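**Student:** I'd like to go over a predicted model; first the sequence, then the structure.
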Amino acid sequence: MSKARLVITAVVVEGRSQSEVAREYGVSQGWISRLVKRYRLEGEAAFEPRSRRPNTSPTRLAQSTIDLILELHENLAGKGLDHGPQTIAWHLTHHHGLSVSVNSIHRHLHAAGLIVAQPQKRPKSSYIRFAAEQPNERWQADFTHWWLAEGTHVEILDWLDDHARYAISVTAHRRVTGRIVLETFREAIDTHGIPASTLTDNGMVFTTRLSGGKGGRNAFENELRRLGITQINSTPNHPTTCGKVERFHQTLKKWLTRQPRASTIPELQNQLDTFVDEYNHRRPHRSLAQHATPATAYAARPKADPATRTDTHNRVRTDRVDQAGVITLRVAGRLHHIGVGRTYTRTRVLILVQDLNIRILNAATGELLRELTLDPTKDYQPTGAPKGPKRKKFRT
């Protein structure tokens with residue numbers, strides 16, 4: 001039996017005083033008075049639990065604001081754009097003159113069943129974020145895959161500013177090649193200036209560093225060196241190093257999925273141009289201060305310039321000395337033959353290349369076999385060792 005029923009029984013049925021009952025059950029006389037009054041008015045309903053919700057809530061959002069929040073969520077989601085509480089709060093402030101906390105928006109979206117908890121996701125606090133301090137301090141680049149209406153596979157190449165998340169260039173191609181990477185990079189420079197550095201993965205269109213060093217630099221790498229731009233490549237099997245451009249791909253594909261599937265590359269390019277305009281100028285970015293648009297962040301600070309280049313082109317490769325006592329090395333696209341000596345025929349060697357400075361070591365013992373500065377004008381680099389005396393011929 002509930003305490004309320006015991007109290008009512010003691011006061012109404014047994015006729016005991018309220019003060020006596022209050023002392024016995026450890027409750028206030030005021031509560032007993034209200035309970036007795038409610039029982040005489042409502043009967044058994046007085047024992048049912050009642051909601052503690054206040055009759056009025058002065059701080060509650062107006063219904064029109066709640067409706068607007070739900071409408072913005074639906075419209076943004078329908079366009080394939082971000083529709084989270086932070087983005088909705090930005091739109092309310094900038095387009096509707098309303099200041100609503102992110103927590104309030106989250107609460108109403110959750111009440112409407114529009115937010116589903118995802119406890120399996122890694123918490124954002126566990127990530128260590130790195131971002132360039134200035135626009136053009138670092139450009140990230142990568143390409144992703146897409147399919148046209150009839151199933152034709154195409155590739156989309158992206159250049160993204162690391163500081164502002166500004167989409168520098170987004171272009172569609174049948175296949176991304178080294179020539180296309182160089183052309184789009186040059187076009188981006190003509191429009192936005194020269195970046196101080198670039199960050200890409202280790203795809204052959206960006207770098208040849210994982211090809212054993214046999215091909216030297218590719219055209220893109222030579223262009224970076226010519227302009228004094230620092231080249232940074234991610235560690236193999238660590239895609240989070242280029243996380244900003246990878247995340248950009250997700251945003252782009254989410255938007256493209258909501259559009260009619262393009263039938264041709266020019267049609268797809270028109271869609272990409274529309275997306276870039278929306279992404280750069282009208283879509284708030286949650287990773288930027290005050291959820292600014294990328295265009296706002298890109299223009300807010302002075303742009304970085306390529307610093308005075310102090311890097312060198314370092315390569316490490318292995319080879320085996322051939323029967324003629326020679327190894328081969330490609331530099332700037334030209335193959336050079338380097339004499340080591342017939343004494344080391346079939347010896348496995350380690351070649352350390354720093355620009356034109358070359359050191360050749362015995363891979364097994366670490367012994368330095370030869371050190372030289374390459375003459376890029378000559379195909380053959382002789383050992384420089386003096387020739388031995390001519391053998392005399394003896395008549396028999």
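**Tutor:** Everything's here; your move. Residues are numbered from 1 along each chain as shown.

**Student:** Pull the contacting residues for the nearest residue to residue 380 once chain neighbours are set aside.
**Tutor:** Spatial nearest neighbour of residue 380, chain neighbours left out: residue 337 (4.7 Å); criterion: C-beta to C-beta, 6 or more residues apart in numbering. All C-beta spots, glycine's among them, are computed from the backbone N, C-alpha and C. Contacts for residue 337 (C-beta atoms under 8 Å, 6 or more residues apart in numbering) come out as 326, 327, 328, 379, 380, 381.

**Student:** What count of nearby residues applies to the closest residue to the second one other than its chain neighbours?
**Tutor:** If you skip the residues right next to it in sequence, residue 327 has residue 319 as its closest partner in space, 4.7 Å away by C-beta to C-beta, 6+ apart. When neighbours are defined as other C-beta atoms under 10 Å, residue 319 has 21 of them.

**Student:** residue boundaries of the helices in this protein?
**Tutor:** Using DSSP state H, the helices of the chain run over residues 3-8, 18-25, 29-42, 63-78, 85-96, 102-111, 178-192, 219-227, 243-257, 265-281, 294-300.

**Student:** Can you mark which positions in the last one are buried?
**Tutor:** I take that to be helix 294-300. When neighbours are counted by 16 or more other C-beta atoms under 10 Å, the buried residues of helix 294-300 are found to be 294, 295, 296, 297, 298.

**Student:** nearest to residue 46, of those?
**Tutor:** Nearest to residue 46 out of those is residue 296 (C-beta to C-beta; 61.0 Å).

**Student:** Distance check, the closest one against residue 94.
**Tutor:** Distance from residue 296 to residue 94, counting by C-beta to C-beta, to the nearest Å: 11 Å.

**Student:** which stretches of the stretch 51-200 of the chain have low pLDDT?
**Tutor:** Scanning the stretch 51-200 of the chain for pLDDT under 70 picks out the ranges 55-56, 58, 116-130.

**Student:** per the record, what domains does this structure have?
**Tutor:** Domains of the chain are assigned by automatic domain parsing as 3-47, 63-115, 130-300, 314-381.

**Student:** Just name the most buried of the ones you listed.
**Tutor:** Comparing the domains of the chain by mean neighbour count (mean count of other C-beta atoms under 10 Å), domain 130-300 ranks first with a mean of 17.

**Student:** returning to that earlier point: what about the residue nearest to residue 380, distance to residue 370?
**Tutor:** Separation of residue 337 from residue 370 (C-beta to C-beta) stands at 13 Å.
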